[in-house]
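Colleague: can you look at this prediction? I've put the sequence above it.
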Protein chains: 2
Amino acid sequence: MSAPLDLRGDVVKLLHALIDVESVSGNETQIADLVEQSLQPFGQLTVLRDGNVVVARTELGRSERVVIAGHLDTVPIAGNLPSWTTHDSAGKEIIWGRGACDMKGGVAVQLSAAAALVHPRRDVTWVFYDNEEVEEFRNGLGRIAREHPEYLEASFAVLCEPTNARIEGGCQGTMLLTVELTGVAAHSARAWMGHNAIHDAGPVLQRLSSHQSQQIEVDGLIYREGLNAVRISGGIVGNVIPDRCVIDVNYRFAPDKSPAEAKDYVRQVLDGYPVRILDVAAGARPGLDQPAAAEFLRAVGGQATAKLGWTDVARFSAMGIPAVNFGPGDPTKAHADDEFCPADDVVACRDALIRWLSGPSG
Amino acid sequence: MSAPLDLRGDVVKLLHALIDVESVSGNETQIADLVEQSLQPFGQLTVLRDGNVVVARTELGRSERVVIAGHLDTVPIAGNLPSWTTHDSAGKEIIWGRGACDMKGGVAVQLSAAAALVHPRRDVTWVFYDNEEVEEFRNGLGRIAREHPEYLEASFAVLCEPTNARIEGGCQGTMLLTVELTGVAAHSARAWMGHNAIHDAGPVLQRLSSHQSQQIEVDGLIYREGLNAVRISGGIVGNVIPDRCVIDVNYRFAPDKSPAEAKDYVRQVLDGYPVRILDVAAGARPGLDQPAAAEFLRAVGGQATAKLGWTDVARFSAMGIPAVNFGPGDPTKAHADDEFCPADDVVACRDALIRWLSGPSG
């Protein structure tokens, strides 16, 4: 067991310490132990442990409660542990290493703010969960939502995934579908005796390529959709006319559409082709018209934008809780081997959360 | 060691015996031993052995020599050994089992005719070789052509691959090329930051699909070309805009074109796309204007047609020896799990070879 983390000290040192505890999905016990034991000394928090999920709650009897959540796991390491530091051309400190961006920066923000907020004006539920980077059914937040939904009760939620320290509202839905083209195999020296399924993929790809994706405003934010072939495969050997070609298509849809509406839309775009929906995950509306959200926006400053990738905010949305993404680091560096996080982002996010939740109680 | 084959007996029984000696490529020693020992008693033949190639030659001092060749190996068995017999609706005998069609039917024809032709009017070189069904560099006929070209010296060659007992002249060339499309990867929620390589495959496939393949007359036979995508692959995971898509294309070209001309043709059809030639094998002109070929045509009767698939006749053509395909069985059943050969085809082919090579010596 490592020494407990110093949650009252430098939040950037805290980030280094968190990165250096390897916690690839499925191997979160050590970091969950550390988070649990580091939070226990703080009298304002009731700390619960369930598997490798740690929940720390203030129980101040406030009229409102918010959830602030982040995942403890990372994608596999890629020669990028332990963490290290560089400085950019402006002399700004940059922290490198697996999880720096996705999302131990956010976890450091949560832990530092949880320790600092002794008298928040709203009750806060801090959630640290496992298995976000792997199959849906293993997701720790999903498990808690099913087994202990009372842990997550709140009027508003913040997910500390990387957003460059800006508020990104809601998230787009995502769908995976497949177009399977069927032909007739034949020896390629007698092609006219068969029917080439790969050739039939041409018009499907042309239709996807020429499709103009929509830009849709929801609760004041603009969501930019996308409809793309993401995989294609067909054919077996060089002397056979292929009798099968499969195109996997990903559709990212704005949160004004339900999964059913998104399916209808795709079937209309690909009318005439054999579309099969493999998987669909609902989006989440940004809910920036909620009072807690509006106050959060004011505390953070700047302009909220739409979250385009799917995130676990959709789990809160499904429970009727409006949710936003807000965390340090550039989301395009998530999962990258050269993943990093600017120290300034970590400090800015921690300070914004404290600013929002401090002051006169609600 | 099995008992020698009865080459003077029923050619259909001989075919059964040959099928029942499993000889998947790389495992031809037993069948090569059997062929060698079964030919040795025939005084008209000088039998040579080189690896698993058996060569049996008449040395009658004729002014002309022909080669009649066939391979001993088969593709892997598929629950289709030992051989069995059925009768079709017309009461005709059908022999089933791995190699029945490709090409132990042809080997039975060769062995039966070699035993019967004591005084052929042309000298005959009977060639039985290994590893035809596998990688080019292992091909037994290719090895003999490189190491002992004198074994193959002749003015005309017959390859006993299945042709439904009709003469199929020459063969088409075959080329494998690849079109590799390159894009820029991006998260599929921000597709406009990348460039979709799979979408770029659409116009390539459309061009292949709309291409009108040529029909070309060579030495009186019509060759029907073909240009087909045979494999496609692109993309890795469902949330990334694919940065690579590879289309493998097979071009079957008439033997009026050299490999260099065939390359030029393909580059012209796919002008504007990044074409890379992976492999090309020259075709073979049918050479039916040669005297030996003309006599062979008369002896067999019927109409010669163009061979569309690539066969080892091209090896003879490369040595300046015109060559035709002629053997029992339906070529479209080669490699099929329900491979079979009509008994009548085996008898007809054996009788045609004997008719052609008997009589007044040349």
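Modeller: Right, received. Where do you want to start? Given the structure is predicted, the values throughout are model-derived calculations rather than measurements.

Colleague: what's in contact with stretch A:33-53?
Modeller: Residues outside stretch A:33-53 that contact it (Cβ atoms under 8 Å, 6 or more residues apart in numbering or on different chains) are A:1-2, A:4-5, A:7, A:21, A:28-29, A:32, A:54-60, A:72, A:107, A:111, A:114-115, A:117-119, A:126-131, A:140-141, A:143-144, A:147-148, A:151. All C-beta spots, glycine's among them, are computed from the backbone N, C-alpha and C.

Colleague: now with 7 Å, please.
Modeller: Stretch A:33-53 has contacts (Cβ atoms under 7 Å, 6 or more residues apart in numbering or on different chains) with A:1-2, A:4-5, A:7, A:21, A:28-29, A:32, A:54-59, A:72, A:111, A:114-115, A:118, A:128-130, A:140, A:144, A:148.

Colleague: with stretch A:227-236 instead?
Modeller: Under the criterion Cβ under 7 Å, 6+ apart, residues A:197-198, A:201, A:205, A:208, A:211, A:213, A:242, A:244-251, A:269, B:188, B:191, B:196, B:198-199, B:230-235, B:238, B:240-242, B:245, B:248 lie in contact with stretch A:227-236.

Colleague: from these, list just the buried residues.
Modeller: A:197-198, A:201, A:205, A:208, A:213, A:242, A:245-251, A:269, B:188, B:191, B:196, B:198-199, B:230-235, B:238, B:240-242, B:245, B:248 (16 or more other Cβ atoms under 10 Å in any protein chain shown).

Colleague: just those residues: which are in strands?
Modeller: Cross-referencing the buried ones among the contacts of stretch A:227-236 against strands under DSSP state E gives A:245-251, B:230-234, B:240-241, B:245, B:248.

Colleague: now, which of those sits nearest A:Ile222?
Modeller: A:Tyr251 (17.7 Å; Cβ to Cβ).

Colleague: pretty sure that closest one contacts A:Met175?
Modeller: Yes - taking contacts as Cβ atoms under 7 Å, A:Tyr251 lies within contact range of A:Met175: 4.3 Å.

Colleague: returning to that earlier point: may I ask which two of the ones in strands among the buried ones among the contacts of stretch A:227-236 are separated the most?
Modeller: Spatially, the most separated pair among these is A:Tyr251 and B:Val230, at 29.3 Å (Cβ to Cβ).

Colleague: ChimeraX command to pick out the buried ones of the contacts of stretch A:33-53?
Modeller: Buried subset of those, written as a ChimeraX selection, criterion 16+ other Cβ under 10 Å:
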select /A:5,7,21,28,32,54,55,56,57,58,72,111,114,115,128,129,130,140,144
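
Colleague: select from the contacts of stretch A:33-53 every entry located in helices.
Modeller: A:29, A:32, A:111, A:114-115, A:140, A:144 (DSSP state H).

Colleague: dump those to CSV, plus pLDDT.
Modeller: Putting those into CSV (pLDDT from 0 to 100) gives the following:
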residue, pLDDT
A:Thr29, 98
A:Ala32, 98
A:Leu111, 98
A:Ala114, 98
A:Ala115, 98
A:Gly140, 97
A:Ile144, 97
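
Colleague: may I see these arranged in JSON lines, with distance to B:Ala282 as well?
Modeller: What follows is the ones in helices among the contacts of stretch A:33-53, written out as JSON lines (distance: Cβ to Cβ, whole Å):
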{"residue": "A:Thr29", "distance to B:Ala282": "65"}
{"residue": "A:Ala32", "distance to B:Ala282": "67"}
{"residue": "A:Leu111", "distance to B:Ala282": "71"}
{"residue": "A:Ala114", "distance to B:Ala282": "75"}
{"residue": "A:Ala115", "distance to B:Ala282": "78"}
{"residue": "A:Gly140", "distance to B:Ala282": "63"}
{"residue": "A:Ile144", "distance to B:Ala282": "68"}
